[in-house]
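Engineer: Model the following, please.
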Amino acid sequence: MNYKRTMLLKLTLPIFIESLLRILMGNINVLMISRYSENAVGAIGVANQVISMLVVVYGIVSLGSAIAVGQHKGAGNYDMASKVANVALVLNFLFGLALSMGVVVSARLVLKLMNIPAELSGFAYTYIVIVGGASFNQALMSAMSAISRSYGQTKFPMFIALGMNLLNIAGNGISLFQPFGIPVLGIKGVAFSTAISQAIGVLVMGHFLYKQVGVEFRFSYFKPFPKDIFKLIIKIGTPAAGESMAYTFSQLATTAIVTMIGPNAITGMVYVMNLTYFVSILGGSLGQGTQIAVSHLTGAGKMDEAYETCIRSVKMGALANSIASIVLILFRMQFLMLYTNDVEILRLCENLFFIDFAAQVIRPFNHVIGNSLRAAGDVRFPMIISSLSFWGVSVTLCYILGVACGLGLTGVWIAFAIDESVRGLTLLKRWKSRVWQSKVLVRIGGQA
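Structural biologist: Below is the predicted model of the structure:
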């Protein structure tokens, strides 16, 4: 198994296209719904904040299973890889059912605690009950996509995601714009469109896993119940979920700090983040592709090749991000004016892209090395370092530089760049130490 540049690109390119399509389709969705009601856009945004917390929980099993399946596949333990996949699907389905029912029961209370305005709460409640109540489909899709990628099959999840998004957009069109004289279904129709497209995606993905990937669904895998596999999946996945939670809450804290600078600063931050995210998904996709490669290689005992694959990916990611970031700098005003013509906001934002360049160059260190460490079984270290840096560096310096020193958004972006550098260089040191080699979960011919 020789993961050279072409193999990495084969794994990474579909993940990148899927991420890009998700952003584009999401923007199309928002534009469609905004033509129906601005309040509906806000309500769905609020509802998706709640649902995104469920997705973090589902990610515990998905990431844990992805790494365990990848290492078993690399070690040649195909039956064990299939068994881990079965346990992951059942676990996430049970988690999904429990959380889906919990969301339906607690939706009104959650919205009340979030202090949602009355004009949004009705829309948000309807959307949460329908989409959140069917989120067990998201749980299954999360696990299935992770398993498919662990087998090196990254193209099919991309096509599934595209199909689901197209179905969702078609459903939204039927719900909102009265084709063929159909009554306007409003937010309820949009919610059902989302839930139904996800359910269809799960059915198609399940068929693909069985027919094309070769994952066999057997009841015998659960006699007796595989407690060791259950514990392993949770052990691997929980730190990554903790890291996601730490990031989410640190972003909320950062937003609260930026509100102290002023309303234009908040608006400007959103615009710049929207644009720079298109650069970030390059390194993020490469990180996911490298995770698959490293899990296979470490499972096969090819530690030197795993080491070199990660380093090669970091260099590729830094180069790709640099080129994309330079393009963004050159055309920054044209891109910004797609969002606004406000002179004050444009003035606040135009120089942030130069600072962001420094962050983008180092960001692949975090995406690629963080995912590689997790793929090797070294799951706690990235979580600890990232959580400490999110709060101790990023949030703290955002306040000190942005508010206390009066640098505004410039100070905030300097804080972001320093945070990326601290995490990236620390993770690089960890990777070069090769401590992760002692954390590998599976050996050739062995079991986790």
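Engineer: Just the residues contacting the helix or strand hosting Tyr127, thanks.
Structural biologist: Assigned by DSSP states H and E, Tyr127 falls within helix 118-127. By CB atoms under 8 Å, 6 or more residues apart in numbering, the surrounding residues in contact with helix 118-127 are 37, 39-40, 42-44, 46-47, 107-108, 111, 116, 187-188, 190-191. For glycine as for every other residue, the C-beta is placed from the backbone atoms N, C-alpha and C.
Engineer: List the buried residues for it?
Structural biologist: Buried residues in helix 118-127, counting neighbours by 16 or more other CB atoms under 10 Å, are found at Leu120, Ser121, Phe123, Ala124, Tyr125, Thr126, Tyr127.
Engineer: now that helix, how far from the centre of its chain.
Structural biologist: Taking CA atoms, centre = their mean, to the nearest Å, the mean C-alpha location of helix 118-127 is offset from the chain mean by 26 Å.
Engineer: same question for that helix, mean pLDDT?
Structural biologist: Summarised as a single mean, pLDDT over helix 118-127 is 85.
Engineer: With just CA atoms, put it into CSV.
Structural biologist: C-alpha atoms of helix 118-127 as CSV (Å, rounded to 0.1, in the frame of the first residue of the first chain):
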residue,chain,number,x,y,z
ALA,A,118,-41.5,35.4,19.5
GLU,A,119,-41.5,36.0,15.7
LEU,A,120,-38.9,33.3,15.3
SER,A,121,-39.8,30.7,17.9
GLY,A,122,-42.8,29.3,16.0
PHE,A,123,-40.8,28.6,12.9
ALA,A,124,-37.9,27.3,14.9
TYR,A,125,-40.0,24.9,16.9
THR,A,126,-41.6,23.4,13.8
TYR,A,127,-38.2,22.9,12.1
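Engineer: so which of the buried residues of helix 118-127 comes closest to Val279?
Structural biologist: Tyr127 (30.7 Å; CB to CB).
Engineer: Next SSE downstream of the helix holding Tyr127?
Structural biologist: Next element after helix 118-127 (DSSP H and E): helix 133.
Engineer: what's in contact with that next one?
Structural biologist: Ser100, Met101, Val103, Val104, Ala195.
Engineer: hmm, which of these are the buried ones?
Structural biologist: For the contacts of helix 133, a neighbour count by 16+ other CB under 10 Å gives the buried set as Ser100, Val103, Ala195.
Engineer: Name the next helix or strand downstream of the host helix or strand of Met260, please.
Structural biologist: Assigned by DSSP H and E, Met260 falls within helix 227-261. Remark: after helix 227-261, the chain's next helix or strand is helix 263-299, criterion DSSP H and E.
Engineer: now the angle between helix 227-261 and that following helix, please.
Structural biologist: Using axes from the mean of the first three to the mean of the last three CA atoms, to 10 degrees, the direction of helix 263-299 lies 160 degrees away from that of helix 227-261.
Engineer: Centre of the chain to helix 263-299, how far?
Structural biologist: What separates the centre of helix 263-299 from the centre of its chain is 9 Å, taken as CA atoms, centre = their mean.
Engineer: Can you list the buried residues in the helix or strand that comes right after it?
Structural biologist: Scanning forward in sequence from helix 263-299 by DSSP H and E, the next helix or strand is helix 303-330. Neighbour-count burial for helix 303-330 flags 303, 305-307, 309-314, 316-318, 320-321, 324-325, 328 (criterion: 16+ other CB under 10 Å).
Engineer: Which SSE is immediately downstream of helix 303-330?
Structural biologist: Next element after helix 303-330 (DSSP H and E): helix 332-336.
Engineer: That next one - what's its average pLDDT?
Structural biologist: For helix 332-336, the mean per-residue pLDDT is 91.
Engineer: Contacts for that helix, please.
Structural biologist: Tyr271, Val272, Leu275, Leu328, Ile345, Leu346, Cys349, Glu350, Phe353.
Engineer: what about the fifth one, which SS state?
Structural biologist: When states are read from DSSP: H, G, I helix; E, B strand; the rest coil, the local structure at Ile345 comes out as helix.
Engineer: and it, what does it touch?
Structural biologist: Here Ile345 is in contact with Asn264, Thr267, Gly268, Tyr271, Leu336 (criterion: CB under 8 Å, 6+ apart).
Engineer: can we see that at 7 Å?
Structural biologist: Shown in contact with Ile345 (CB atoms under 7 Å, 6 or more residues apart in numbering): Asn264, Thr267, Gly268.
Engineer: could you measure it against Leu338, distance?
Structural biologist: As judged by CB to CB, to the nearest Å, Ile345 and Leu338 stand 13 Å apart.
Engineer: Likewise for the second one?
Structural biologist: Per CB to CB, Val272 is found 12 Å from Leu338.
Engineer: Those two - which one has more neighbours?
Structural biologist: Val272 (26 against 10; other CB atoms under 10 Å).
Engineer: Give me the below-cutoff pLDDT ranges for the protein.
Structural biologist: The chain contains residues with pLDDT under 70 at 1-5, 25-27, 30, 38, 443-448.
Engineer: Could you chop it up by domain?
Structural biologist: Using automatic domain parsing, the domain parsing of the chain gives 1-225, 239-448.
Engineer: Adding distance to Ile233, write those out as JSON lines.
Structural biologist: Formatted as JSON lines, the domains of the chain follow (distance: least, CB to CB, whole Å):
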{"stretch": "domain 1-225", "distance to Ile233": "4"}
{"stretch": "domain 239-448", "distance to Ile233": "9"}
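Engineer: Which residue ranges of the stretch 301-448 of the chain form helices?
Structural biologist: With DSSP state H, counting those that start in this stretch as the criterion, the stretch 301-448 of the chain has helices at 303-330, 332-336, 343-349, 352-364, 370-376, 380-389, 396-397, 409-433.
Engineer: rewinding a little: buried members of the contacts of helix 118-127 into PyMOL, please.
Structural biologist: Buried residues within the contacts of helix 118-127, by 16+ other CB under 10 Å, are selected in PyMOL with:
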select buried, resi 37+39+40+42+43+44+46+47+107+111+116+187+190+191
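Engineer: Which pair of the contacts of helix 118-127 spans the longest distance?
Structural biologist: Ser37 and Arg108 (20.8 Å).
Engineer: mind listing what's buried in the helix or strand encompassing Ala40?
Structural biologist: For Ala40, the host element (DSSP H and E) is helix 38-75. Of the residues in helix 38-75, 39-44, 46-48, 50-51, 53-75 count as buried by neighbour count, 16+ other CB under 10 Å.
Engineer: Only the buried residues of whichever strand or helix holds Leu109, if you could.
Structural biologist: Assigned by DSSP H and E, Leu109 belongs to helix 78-113. If you call a residue buried by 16+ other CB under 10 Å, then helix 78-113 has these buried ones: 80-93, 95-96, 99-100, 103, 107, 110-111.
Engineer: What separation do you get for the spatially closest residue to Met337 that is not a sequence neighbour and Leu338?
Structural biologist: Once flanking residues are discounted, Met337 sits nearest to Leu346: 7.3 Å by CB to CB, 6 or more residues apart in numbering. Using CB to CB, Leu346 is found at 12 Å from Leu338.
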